[in-house]
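>>> sharing a sequence plus its predicted fold:
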Amino acid sequence: NAGVTQTPKFQVLKTGQSMTLQCAQDMNHEYMSWYRQDPGMGLRLIHYSVGAGITDQGEVPNGYNVSRSTTEDFPLRLLSAAPSQTSVYFCASSSDSLSYNSPLHFGNGTRLTVT
Amino acid sequence: AQKVTQAQTEISVVEKEDVTLDCVYETRDTTYYLFWYKQPPSGELVFLIRRNSFDEQNEISGRYSWNFQKSTSSFNFTITASQVVDSAVYFCALSEMGDSNYQLIWGAGTKLIIKP
């Protein structure tokens, strides 16, 4: 069972570079989301999607873009990397688009360092 | 505003001891869900339990138990006879039916260290 797959696992960027973090799920989940995890701050929602073609901003969307052209994929784009974006990024999905009551299934995370 | 507080930043116990992780939440919604997730040293996040605001029954699953008390806005997690494999960061989270952003509000996490 693949579940939620994130690539890459590790990435180092220079300030100003752009890149895309990939996320794919094979569970036919409608809801997908991106979180960042920073020490002592729990997880913060960056962007989310309740279905193909629909995306919306979470708590910390600045500096990131997303798109959802298929149910399976939800890539996260860093437009111009900044050191403040050094973090661990998690993609998550759930079976219910009304995700308030559905557990999240997480990918294994991408550790991003911006120098 | 909604908030989840895990006041214990780090707990260290010796194997076989019982340990309780505290979670206190704030919400104005009457319908909400509470969750616990585990993040072992390998880094993945694993769902442990979900509880809705209308179900105050305690839950037991093996060595794990959860105590939900609306009167004190708490959803505490107890591990009985702890084992080294329980070492992880544990997160409590809250979601509200009235939140159109479908956001989970996360606590900062409690790092649990079980020493052999």
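Looks like it came in fine.

>>> A:Pro8: how many residues sit nearby?
11 (other Cβ atoms under 10 Å in any protein chain shown). Where you see a C-beta, it was placed from the backbone N, CA and C, and this is true even at glycine.

>>> tell me the pLDDT of it.
The model reports A:Pro8 with a pLDDT of 97.

>>> looking at chain A, which residue is nearest chain B?
In chain A, no residue comes nearer to chain B than A:Gly42, which is 3.6 Å away by Cβ to the nearest Cβ.

>>> okay but that residue is in contact with B:Gln103, surely?
No - A:Gly42 lies out of contact with B:Gln103 (Cβ atoms under 8 Å); the separation is 11.9 Å.

>>> how about the residues of chain B by chain A?
B:4, B:9, B:32-33, B:35, B:37, B:43-47, B:50, B:52, B:91, B:93, B:95-97, B:99, B:101-104, B:106-109 (Cβ under 8 Å from any Cβ of the partner chain).

>>> count of neighbours near residue 79?
If you meant another chain, say so; for now it's chain A. Count around A:Leu79 with other Cβ under 10 Å applied: 13.

>>> chain B, not that one
For B:Ile79, the number of neighbouring residues by other Cβ under 10 Å comes to 20.

>>> beta partners for it?
B:Val19, B:Tyr64 (DSSP bridges).

>>> so for it, what's the pLDDT?
At B:Ile79, the pLDDT recorded in the model is 96.

>>> with B:Asn58 instead?
With respect to pLDDT, B:Asn58 scores 84.

>>> list phi and psi for it.
Backbone torsions of B:Asn58, given as degrees, to the nearest 10, read phi -70, psi 150.

>>> tell me the buried residues within the residues of chain B next to chain A.
Neighbour-count burial (16 or more other Cβ atoms under 10 Å in any protein chain shown) applied to the residues of chain B next to chain A gives B:4, B:32-33, B:35, B:37, B:45, B:47, B:50, B:91, B:93, B:95-96, B:99, B:102-104, B:106-109.

>>> for chain A, what is the nearest residue in chain B?
Closest point on chain B to chain A, by Cβ to the nearest Cβ, is B:Trp106, at 3.6 Å.

>>> how far away is that residue from B:Val85?
Here the criterion is Cβ to Cβ, to the nearest Å. By it, B:Trp106 lies 23 Å from B:Val85.

>>> got a list of what the most centrally placed residue in chain A touches?
Centroid check for chain A by Cα atoms, centre = their mean gives A:Trp34 as the closest residue, at 2.6 Å. Applying Cβ atoms under 8 Å, 6 or more residues apart in numbering or on different chains to A:Trp34 gives the contacts A:21, A:23, A:45-48, A:58, A:64, A:66, A:74, A:76, A:89-92.

>>> again with A:Gly40
When contacts are counted by Cβ under 8 Å, 6+ apart, A:Gly40 touches B:9, B:108.

>>> go again with 10 Å.
The neighbours of A:Gly40, taking Cβ atoms under 10 Å, 6 or more residues apart in numbering or on different chains as the test, are B:9, B:108-109.
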